[in-house]
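Novice: show me the folded form of this:
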Amino acid sequence: MTYQLAACAEMIHTDLPFAERVRRIHEQGFQVEIWDWSSKDLDALAATGATFSSMTGYLRGDLTTAEGSAELIATARESLRAADVIDAPRLNLHGTGLDAQGLPVRPGPDPSGDDWIRAADTLRRLGDLAAEAGRTFTLENLNLSVDHPGTPFARADDTIRLVSAVDHPSVRLNLDLYHAQIGEGNLIELLRTAQPWIGEIQVADVPGRCEPGTGEIRYEAIAAALVEMGYEGVVGMEAWASGDPDSALAAFRAAFAAGLAA
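Specialist: From the prediction side, this is the model:
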């Protein structure tokens, strides 16, 4: 097996109670991603027997201000304790906190040189915390034109530059190909460039952010490239179902079949 597949319980089977969503995804052979852990009954989620791929790694804070950095680190400590309950190996970060609509809590222009220095220092400190806990923080790229305008360090190029500069084994990329297609494109070359620092890959099709096969991205070609690269991590579907959730999960598995053969 080359890589493993996960699905985001925040976006699939949304008509079900959350623990039941997790159970349904698990029963279909996928790992499970969650977002804000503080709103969940983590003991109930652990009792489902699911394998969790990732969760949000902070509650508040940002990478660009001294106050925000301190808050990010403080809530990351809380998140690491929460990750122990469900044994989530990766905790996801963004350049700043996002509100319920996905908009940045602290929007701003392109980061300054001082912002880059502070962000790198914060990520190194987070990496040390993660190493002590046996976990990994991942920095996710976002798109600025559709979903997350004004978010600092959102472009895939930004996240690659930051994580590679930090060069900490417990700080990696959450490379989201949906966001990258909107913002930058050239996805296979992006994967090759980012390969040394990838902690997880997330996918959805463009436009619409639904399952593979509903838009313009040839995910079968992405899957073949990942096999060629020898990628052995998680590919997570962070996407809405265009119709029936089980059919969406089946389409996701079919698109990535190239890396699932034993």
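Novice: quickly note the distance from His31 to Ala133.
Specialist: Wrong residue type there; residue 31 is Gln, not His. Per CB to CB, to the nearest Å, Gln31 is found 19 Å from Ala133. Bear in mind the C-beta positions are built from the backbone N, C-alpha and C, glycine included.
Novice: and what of Gly213?
Specialist: 38 Å.
Novice: for this protein, which spans come out with low pLDDT?
Specialist: The chain contains residues with pLDDT under 70 at 1, 261-262.
Novice: let's go with 50 and repeat that
Specialist: 262 (pLDDT under 50).
Novice: phi, psi of the nearest residue to Glu184 once chain neighbours are set aside?
Specialist: Residue nearest to Glu184 in three dimensions, not counting chain neighbours: Ala156, with 5.6 Å by CB to CB, 6 or more residues apart in numbering. Main-chain dihedrals, Ala156, degrees, to the nearest 10: phi -60, psi -40.
Novice: how about the one 10 residues further on?
Specialist: Main-chain dihedrals, Val166, degrees, to the nearest 10: phi -70, psi -40.
Novice: ok, now which ones touch the closest residue to Ala225 other than its chain neighbours?
Specialist: Among residues not flanking Ala225 along the chain, Ile188 sits closest, at 4.6 Å (CB to CB, 6+ apart). Residues in contact with Ile188, defined by CB atoms under 8 Å, 6 or more residues apart in numbering, are 221-222, 225.
Novice: ok, now with 10 Å
Specialist: Contact partners of Ile188, counting by CB atoms under 10 Å, 6 or more residues apart in numbering, are 177, 218, 221-222, 224-226, 228-229.
Novice: show me how to select, in PyMOL, the buried members of the residues you listed.
Specialist: In PyMOL, this line selects whichever of those come out buried by 16 or more other CB atoms under 10 Å:
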select buried, resi 177+222+225+226+229
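Novice: on that earlier part again, SS state for the residue nearest to Ala225?
Specialist: The local conformation at Ile188, judged by DSSP: H, G, I helix; E, B strand; the rest coil, is helix.
Novice: residue numbering should commence at 30 henceforth.
Specialist: Done: numbering now begins at 30, and the last item shifts to Ile217.
Novice: how far away is it from Ala35?
Specialist: From Ile217 to Ala35 the distance is 21 Å (CB to CB).
Novice: repeat for Asp144
Specialist: For Asp144 relative to Ala35 (CB to CB), the value is 31 Å.
Novice: which one's more surrounded, those two?
Specialist: Between Asp144 and Ala35, Ala35 has the larger neighbour count (other CB atoms under 10 Å), namely 25 against 19.
Novice: remind me which helix or strand that one belongs to.
Specialist: strand 33-37 (DSSP states H and E).
Novice: helix or strand next in line after that strand, which one?
Specialist: Criterion used, DSSP H and E; the element after strand 33-37 is helix 47-56.
Novice: what residues are up against the residue nearest to Glu213?
Specialist: Residues near Ala185 by CB under 10 Å, 6+ apart: 169-172, 202, 204-206, 208-210, 212-213, 215-216, 219-220, 222-223.
Novice: weed out the non-buried ones from those residues.
Specialist: With burial judged by 16+ other CB under 10 Å, the buried subset of the contacts of Ala185 is 169-172, 202, 204-206, 208-210, 212, 216, 219-220, 223.
Novice: pick the one among these closest to Pro133.
Specialist: Leu171 (9.0 Å; CB to CB).
Novice: correct me if wrong: Ile81 contacts Asp113.
Specialist: Heads up, residue 81 is Phe, not Ile. No: applying CB atoms under 10 Å, one finds Phe81 not in contact with Asp113, separated by 11.3 Å.
Novice: strands along this structure, start to end?
Specialist: For the chain, strands defined by DSSP state E occupy the ranges 33-37, 60-62, 81-85, 119-122, 165-169, 200-205, 227-232, 263-266.
Novice: and the last one, what does it pack onto?
Specialist: Judged by 3 or more CB pairs under 10 Å, 6 or more residues apart in numbering; DSSP states H and E, strand 263-266 is in contact with strand 33-37, strand 60-62, strand 81-85, strand 200-205, strand 227-232, helix 248-258, helix 274-284.
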